[in-house]
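Enquirer: give me the fold of what follows.
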Amino acid sequence: MKIEKGIMRVSLVASILVAVAEGIMAYYLHSKTILMDCVFACFDLLMMCPLLALIPYLYKPVSEERPYGFAQVESLFVCIKYGVLFAVIINLIWENVKVIIAGGHIINAGVVVVFEFILSVFSVFIFLLLRHFSEKYSSMIIKSELYMWKVDIISTCSILCAFAAQLVLVNTQAGFIIPYIDSGVAITIAVFMLKEPLVEIKRNLKELILFAPKEEVMEEIRMAVEKAMADFSYQLAFLDVIQTGRKTWVEIYVKGKDDIICVHDFKMIRKKVLESLNKKFDQIYVEVIPELEKSEQTV
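Expert: Below is the predicted model of the structure:
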């Protein structure tokens, strides 16, 4: 938990610096592209504050009152976060389309190039720093933060290249496109950003309603279970897996050759499965359950 909170605090401070710098430059240059970047930075900043308050609850144990703990709150939060982001992107695209229809506008490309270069270097530094710390511990929230910084790097580098091209196009036959570069770049970046929110919303909605995880995840767990059971006289009858937020529940239903159940064997199977999957899943819970066959006769 300490590592996660530390990562979020670093990201929070860096986001504040970026948002302030972009806000000042967007106001000074009247740039739609920098304004778009500023909106993303402010959005990430606003969503991060409640997130820092949420993190301690994600580590609270499950109880009868909350059988899944606060795990689903994380999935709900990620859905809200990306839902708002998607709405912001659509709005920014529409606003820039209106600017292009109105004839576009020209801004000081030289100042933008210098500013975006400094911002790119800073964003790369923060991204590498967060990725380094996330190697020790990772979660959906940390991954979403890394994604936001990756997006920021791509957008700043794209803006840098676009306005560097504008400097080259001055006094050339292609100079007529200069008024459309600012809004055109803003729209292009926004369109490329649309996919991630949709993918994350879909995935987290599945977790909220407790759908089975992806086939790759199921197969990975199944292989670990079958390997753990190889040394015991039990057969895998059914595998029930639920993923919500950072928590994964695995229920292994087994069949024996007779009616005798060895609790020690069940404990060993559970231990082996946990050892195999602990490094791949953030918080995983495993239970081994004997399958009780239904009687063919109705009493």
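Enquirer: any low-confidence regions in the stretch 1-150 of the chain?
Expert: Across the stretch 1-150 of the chain, residues meeting the criterion (pLDDT under 70) sit at 1-2, 51-52, 54-72, 136-141.
Enquirer: let me see the contact set for the closest residue to Asn108 other than its chain neighbours.
Expert: The shortest distance from Asn108 to any non-neighbouring residue, by Cβ to Cβ, 6 or more residues apart in numbering, is to Leu29 (6.0 Å). (C-beta placed from N, C-alpha, C; glycine too.) Leu29 is in contact with 107-108, 111-112, counting by Cβ atoms under 8 Å, 6 or more residues apart in numbering.
Enquirer: export those residues as a markdown table, with columns for secondary structure.
Expert: Listed next are the contacts of Leu29 as a markdown table, based on DSSP: H, G, I helix; E, B strand; the rest coil:
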| residue | secondary structure |
| --- | --- |
| Ile107 | coil |
| Asn108 | coil |
| Val111 | helix |
| Val112 | helix |
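Enquirer: show me which pair in the residues you listed is furthest apart.
Expert: Ile107 and Val111 (8.2 Å; Cβ to Cβ).
Enquirer: where do the strands sit along the stretch 151-299 of the chain?
Expert: Along the stretch 151-299 of the chain, counting by DSSP state E, counting those that start in this stretch, strands occupy 234-244, 247-256, 283-290.
Enquirer: okay, these, which one's buried deepest?
Expert: Of these, the one with the most neighbours on average (mean count of other Cβ atoms under 10 Å) is strand 247-256, at a mean of 19.
Enquirer: give me the distance from that one to the chain's centre.
Expert: 28 Å (Cα atoms, centre = their mean, to the nearest Å).
Enquirer: could you give the mean pLDDT of that strand?
Expert: For strand 247-256, mean pLDDT is 84.
Enquirer: ok so, going back, can I get the strands of the stretch 151-299 of the chain in TSV with distance to Phe133?
Expert: Formatted as TSV, those follow (distance: least, Cβ to Cβ, whole Å):
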stretch	distance to Phe133
strand 234-244	24
strand 247-256	22
strand 283-290	19
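Enquirer: compare those strands and give me the one nearest Phe125.
Expert: Nearest to Phe125, of all these, is strand 283-290, at 30.6 Å by Cβ to Cβ.
Enquirer: who has more neighbours out of Ile107 and Val111?
Expert: Using other Cβ atoms under 10 Å, the more surrounded residue of Ile107 and Val111 is Ile107, with 20 against 14.
Enquirer: which elements pack onto the helix or strand hosting Val97?
Expert: According to DSSP states H and E, Val97 maps onto helix 71-101. Counting contacts by 3 or more Cβ pairs under 8 Å, 6 or more residues apart in numbering; DSSP states H and E, helix 71-101 packs against helix 32-54, helix 140-169, helix 178-192, helix 195-208, strand 234-244.
Enquirer: right, I'll leave it there.
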